[in-house]
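Colleague: pasting the structure only:
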């Protein structure tokens, strides 16, 4: 198959130049003030990262454009083939970028959707908040505890609305399960077990020149520089390296653990200990353990969350969780989005005086609901349902699980100080150096 010709450098610079001047053509009163959406009520959005999940997000925003809710002003992508395809979908009025920093310079952009590889999430979110943009960032929120802390601090300091893309919070099945559990139908829940398929192994090819459409330096961004290896890093397979993806515990775990904390009314609770075991890989550069088990212990109230690959599989969809209560159990498959909750939860009616759980339910697609909740929060200057503080706590659980596996020991976690107790080596792993100039 013939490759599409790459964007010429002068074409790219011309596009950047047109974007730089666009802010001065916007009528007075349309630009958003702090915490507001702008006088015309249409959110002007840019999207950074448009492959994989980013492509799905772009499709959702095109629907919002049809509804008169949002305007798509820019798309940014380090793969020029993807960039061309996105421009075709969006049509006139959208400017292409290779480097997200040019996007953040635009005064007319109210908000950005970040769907880049995981190692970019924190840096781009912090820089977006500092530039006055609201943010929708894909899960997991971060790759380290220190990254997540910086994201929370930036959102708070600059009063930006940051929604993390754990979309189960806006899906009916998870809402049904949460309502059922919070109304005491299981009794006290002391244990939640999660299952998932294994992490794959691979990344065995020899280094080679990156494809001409890919800006390899910008793809790496904050990561240490390394040669391109076909099929080992992109697209998508960065997930199987600890440094950039962290395996399915950081990918799907960001969904599953979000549902668990929500149903347990534990968004503000942190584990007091994390203990992981796993089987190391034996070949290739992918270093996430194929098999893994992590036990998270919580206190006041006391309960445990157990993540296991493959674990005790209880339903279809490849992954899910089971709530073990004193009176009954409840299974939620595939993180509570695409597969219905059990019938007893679906048919449950909240009694008079019972617990009503928040739900955004305007659209059939839970992705649209999650973005609608983000847009609602921007206009109301309020917190979205998966605010960065909650997303950070979930990402901490994912990252601490990997840390415990790498260190081969239990970690005692102090959620207030966000430090590991009596373990200097573990605390040195709470952050990592980032490559200049792509750093916090």
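Modeller: Yes, it's here. Quick caveat, the model's predicted, so the values are computed rather than measured.

Colleague: Only C-alpha atoms from now on, for both contacts and neighbour counts.
Modeller: Will do.

Colleague: Show me the strands in the stretch 51-200 of the chain, by range?
Modeller: All strands of the stretch 51-200 of the chain, identified by DSSP state E, counting those that start in this stretch, fall at 70-76, 95-97, 111-114, 134-137, 162-164, 189-196.

Colleague: partner strands of the first one, parallel or antiparallel?
Modeller: Taking DSSP bridges as the criterion, strand 70-76 pairs within the sheet with strand 43-48 (parallel), strand 95-97 (parallel).

Colleague: follow-up on the earlier one: among the strands of the stretch 51-200 of the chain, which comes closest to residue 52?
Modeller: strand 111-114 (12.1 Å; Cα to Cα).

Colleague: what about that closest one, average pLDDT?
Modeller: Strand 111-114 shows a mean pLDDT of 98.

Colleague: who does that strand touch, helix- and strand-wise?
Modeller: Contacts defined by 3 or more Cα pairs under 8 Å, 6 or more residues apart in numbering; DSSP states H and E place strand 111-114 against strand 43-48, helix 121-130, strand 134-137.

Colleague: run the last query once more with 6 Å
Modeller: strand 43-48, strand 134-137 (3 or more Cα pairs under 6 Å, 6 or more residues apart in numbering; DSSP states H and E).

Colleague: any idea how the chain splits into domains?
Modeller: 20-167, 169-360+389-428 (automatic domain parsing).

Colleague: Can you tell me which of those domains is most buried?
Modeller: Greatest average neighbour count among the domains of the chain goes to domain 20-167 (a mean of 21), per mean count of other Cα atoms under 10 Å.

Colleague: For the residue nearest to residue 138 when sequence neighbours are not counted, grab phi and psi.
Modeller: Leaving aside its chain neighbours, residue 138 sits nearest to residue 165 (4.4 Å; criterion: Cα to Cα, 6 or more residues apart in numbering). When read as degrees, to the nearest 10, the backbone of residue 165 gives phi -80, psi 50.

Colleague: where along the stretch 1-150 of the chain do the helices fall?
Modeller: 9-22, 53-66, 80-90, 100-104, 121-130, 145-157 (DSSP state H, counting those that start in this stretch).

Colleague: Turn those into a markdown table, including mean pLDDT and distance to residue 172.
Modeller: Shown next, in a markdown table, are those (pLDDT from 0 to 100; distance: least, Cα to Cα, whole Å):
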| stretch | mean pLDDT | distance to residue 172 |
| --- | --- | --- |
| helix 9-22 | 40 | 39 |
| helix 53-66 | 94 | 18 |
| helix 80-90 | 96 | 29 |
| helix 100-104 | 98 | 34 |
| helix 121-130 | 98 | 27 |
| helix 145-157 | 98 | 28 |
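
Colleague: right, and these - which one's nearest residue 180?
Modeller: So among the helices of the stretch 1-150 of the chain, helix 53-66 is nearest, using Cα to Cα, at 29.7 Å.

Colleague: returning to that earlier point: the helices of the stretch 1-150 of the chain: which one's closest to residue 139?
Modeller: That would be helix 121-130 among the helices of the stretch 1-150 of the chain, by Cα to Cα, at 8.3 Å.

Colleague: quick one, the closest one and helix 145-157 angle?
Modeller: 20 degrees (axes from the mean of the first three to the mean of the last three Cα atoms, to 10 degrees).

Colleague: contacts for helix 121-130?
Modeller: Helix 121-130 is touched from outside by 142, 147, 151, 154-155, 440, with contacts defined as Cα atoms under 6 Å, 6 or more residues apart in numbering.

Colleague: What of stretch 214-231?
Modeller: 78-79, 207-208, 210, 434-435, 438-439.

Colleague: Identify, from the residues you listed, the entry nearest to residue 352.
Modeller: For the contacts of stretch 214-231, the nearest to residue 352 is residue 439 (51.9 Å; Cα to Cα).

Colleague: I figured residue 291 hits residue 276, correct?
Modeller: No - counting by Cα atoms under 6 Å, residue 291 stays clear of residue 276, with 10.7 Å between them.

Colleague: residue ranges with poor pLDDT in this protein?
Modeller: 1-40 (pLDDT under 70).

Colleague: ok so, going back, of the helices and strands packed on strand 111-114, which is nearest residue 338?
Modeller: strand 134-137 (20.6 Å).

Colleague: Centre of the chain to the closest one, how far?
Modeller: With Cα atoms, centre = their mean, to the nearest Å as the basis, strand 134-137 stands 10 Å off its chain's centre.

Colleague: Kindly report the same for stretch 166-186.
Modeller: That offset, for stretch 166-186, works out to 20 Å (Cα atoms, centre = their mean).

Colleague: repeat for stretch 42-58
Modeller: Distance, centroid of stretch 42-58 to centroid of chain: 13 Å (Cα atoms, centre = their mean).

Colleague: So what touches it?
Modeller: By Cα under 6 Å, 6+ apart, stretch 42-58 touches 69-77, 109-116.

Colleague: before we move on, back to that, need the strands paired with strand 70-76 in JSON lines (columns: distance to residue 136).
Modeller: Conversion of the strands paired with strand 70-76 to JSON lines gives the following (distance: least, Cα to Cα, whole Å):
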{"stretch": "strand 43-48", "distance to residue 136": "9"}
{"stretch": "strand 95-97", "distance to residue 136": "18"}
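
Colleague: Quick check: which of the ones you listed is nearest to residue 373?
Modeller: strand 43-48 (13.2 Å).

Colleague: and the angle from the closest one to helix 53-66?
Modeller: Using the same axes, to 10 degrees: strand 43-48 against helix 53-66 is 160 degrees.

Colleague: In a markdown table: the contacts of stretch 214-231, plus secondary structure and distance to residue 348.
Modeller: Compiled in a markdown table, these are given as follows (DSSP: H, G, I helix; E, B strand; the rest coil; distance: Cα to Cα, whole Å):
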| residue | secondary structure | distance to residue 348 |
| --- | --- | --- |
| 78 | coil | 47 |
| 79 | strand | 47 |
| 207 | coil | 56 |
| 208 | coil | 57 |
| 210 | coil | 54 |
| 434 | coil | 49 |
| 435 | coil | 52 |
| 438 | coil | 49 |
| 439 | coil | 48 |
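
Colleague: that older thread, take the helices of the stretch 1-150 of the chain and lay them out in a markdown table including distance to residue 316.
Modeller: Output for the helices of the stretch 1-150 of the chain, formatted as a markdown table (distance: least, Cα to Cα, whole Å):
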| stretch | distance to residue 316 |
| --- | --- |
| helix 9-22 | 46 |
| helix 53-66 | 22 |
| helix 80-90 | 33 |
| helix 100-104 | 39 |
| helix 121-130 | 30 |
| helix 145-157 | 32 |
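
Colleague: among the ones you listed, which is nearest residue 346?
Modeller: Across the helices of the stretch 1-150 of the chain, closest to residue 346 is helix 53-66 (Cα to Cα), at 26.5 Å.
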